[in-house]
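Asker: fold the following.
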Amino acid sequence: MSKLLQRLQDPVRSGVYRARRPDEILEVTSGSGLDVVRITIEKNPMQAIATALEFPEWFGRNWDALEDCLSDLSWREAPGRVLVFEHAVAGDELEMLSDVLAASAEFWKGRGKPFIAVFIDPQRALALPELFRER
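Answerer: Numbering: from 1, shown residues only. Take a look at the predicted model:
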């Protein structure tokens, strides 16, 4: 098992990270049982997440409702989650999203399930820790 897969499966490592490319993440998680979801954020991050994670109709489309849904996910049974965000742009909305994701990661960490959010950031412009050192 690769070190990256071990990291992604470790609840203690739950959090919000950045990586330069999605390919290695997707490759190592293939067949792992983790719920890996690619989310393209072009206009409305909340709607992109709701669609990608198939949120229920009762989703309220605000930050609190997003955190509620991310802390539930009972409709997507899995031993852990890896959310791969692409095309995110730095700014206030991304900061708020990062905060919600970090709170969700803490929630799942406390329940012994990994929750990893990774922003694909080829230019390393986002103020987030690196998920792993690329080869």
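Asker: contacts for the longest helix seen in the chain?
Answerer: Longest helix in the chain, counting residues (DSSP state H): helix 92-110. With Cβ atoms under 8 Å, 6 or more residues apart in numbering as the contact definition, helix 92-110 has outside contacts at 11-12, 14-16, 45, 63, 66-67, 70-71, 80-81, 83, 88, 114-117, 126, 128. Just so you know, the C-beta spots here come from the backbone N, C-alpha and C atoms, and that holds for glycine as well.
Asker: name whatever forms a beta bridge with the residue nearest to I120 when sequence neighbours are not counted.
Answerer: The spatially closest residue to I120, leaving aside those adjacent along the chain, is E86, at 4.8 Å (Cβ to Cβ, 6 or more residues apart in numbering). Beta-bridge pairing of E86 under DSSP bridges involves T40.
Asker: isn't E86 right up against P45?
Answerer: No. Using Cβ atoms under 8 Å, E86 is not in contact with P45; the gap is 11.4 Å.
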